[in-house]
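> Sequence and computational prediction follow.
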Amino acid sequence: MPVLVFVVICTSFLLFDSSGRGYYNPVFRRIVCHDSGECLHEIGHASDHRMGWISESNEFHQSLFYFTYVDYTLVGNSSHPWTGRILFYPCFFSPCLTEKNPTVWGFGTGWGGGRELYADMLLWSDGKPENMPVEFREYFDWDLVSRLIEKYIER
């Protein structure tokens, strides 16, 4: 009986929102969110998960660096509004883009810069592929994004 109580308590923690903040639970593939911005960010995590955590891939990181380099360096100044957001995103030029940052608390593992940037990119695009820079569109599961927007966001 005590084991059953322990399992119920632990499962309740994973299934129900007690934080007041949005989150994506990859074990249960569950999104908890309270407003459209929060929902888009968490849908971004769901897309990242579906794509095999592509935000941690070398290809995605190379696309980020290429996009900012071309936009900022070759053009002479930043012509795209996302360039500054990406360049000044926490952990963009440091190892925590690919590694968890133990100094910022997260659900047991710390805050992952690359995963958070990926999720915010979906938020910045308002969940629409046409608002996403062409260089990044292939990294998102737009069918999943569309279904989850219908489920979680009233438009």
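The structure has been received and is ready for your questions. None of these values were measured; they are calculated from a predicted model.

> In the chain, where is pLDDT below threshold?
1-20, 75-76, 91-112, 155 (pLDDT under 70).

> Nearest residue to the most centrally placed residue in the chain in space, please, no chain neighbours.
In the chain, the C-alpha nearest the mean C-alpha coordinate belongs to A119, at 2.1 Å (C-alpha atoms, centre = their mean). Nearest non-adjacent residue to A119, counting by C-beta to C-beta, 6 or more residues apart in numbering: G44, 3.2 Å away. (Each C-beta comes from the backbone N, C-alpha and C, glycine too.)

> Tell me the secondary structure at the one you found.
With DSSP: H, G, I helix; E, B strand; the rest coil as the basis, G44 sits in helix.

> Tell me where the chain has strands.
Assigned by DSSP state E, the chain shows strands spanning 23-25, 30-32.

> quick one: contacts of the last one?
Strand 30-32 is contacted from outside by 15, 17, 22-25, 39, 42-43, 45-46, 148, 152, using C-beta atoms under 8 Å, 6 or more residues apart in numbering.

> how about it: buried residues?
31-32 (16 or more other C-beta atoms under 10 Å).

> what's the neighbour count on the closest residue to Y89 other than its chain neighbours?
Of all residues not flanking Y89 in the chain, L117 sits nearest, at 5.1 Å (C-beta to C-beta, 6+ apart). Per other C-beta atoms under 10 Å, the neighbour tally for L117 reads 22.
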